[in-house]
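J.: Prediction below, plus the sequence it came from.
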Amino acid sequence: MDEAEAAREVARLYPAVYRRFKASKRPIAAGLTARMHAVLGHLMDAGPLTLGELTEHLQLSKAATTELVDRVEERGLVARIRDERDRRRVFVWVTDEGRAAAATASPRVLADDLLARAVRDMTPEEREGLITGLRALLGEERT
């Protein structure tokens, strides 16, 4: 298989691997999904944002961002705060409970349990080849 074929095969396989093992909709801690954790982390890094600004930052639709903020707000992890200078503007900000929840969560892109089961079914040679190949793809040093 030449380089171009290998690149096409990686591009073809990656979405299926991601869909099979993604953890974004699964709780990571305290009932938070990885996406909820990402909202908290982003707000803590960027400061209070309007829903529109958060939509742009997260690169989600306004509907998806609104639903996500609603779910996090229901848990008391963020609050909507009116702008004192312009009452039409509403900011989303992380509460103390949200900061505590974000600190205890360990966000994962891949679901550890699903991945562990799949890796367990591989031969030692396949596992080593997978790790070696991923390291090479990322340009990491071989160990």
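T.: Arrived safely, thanks for sending.
J.: Quote the end-to-end distance of stretch 46-60.
T.: End-to-end distance for stretch 46-60, by Cα to Cα, to the nearest Å: 17 Å.
J.: list the buried ones in it?
T.: P48, L49, L51, L54, T55, L58, L60 (16 or more other Cβ atoms under 10 Å). C-beta here means a position set from N, CA and C on the backbone, and glycine is covered the same way.
J.: min pLDDT across these, which one?
T.: Among these, L58 carries the weakest pLDDT, at 86.
J.: Find the nearest non-adjacent residue to that one, please.
T.: Spatially, and ignoring its direct neighbours in sequence, L58 is nearest to T65 (6.0 Å; Cβ to Cβ, 6 or more residues apart in numbering).
J.: Mind giving me the packing neighbours of the strand or helix carrying the one you found?
T.: Secondary structure from DSSP states H and E places T65 in helix 62-74. For helix 62-74, the elements it packs on are helix 34-46, helix 51-58, strand 78-82, judged by 3 or more Cβ pairs under 8 Å, 6 or more residues apart in numbering; DSSP states H and E.
J.: Let me know the average pLDDT across the top helix by length along the chain.
T.: For the chain, the longest helix by residue count, based on DSSP state H, is helix 3-21. Across helix 3-21, pLDDT averages out at 77.
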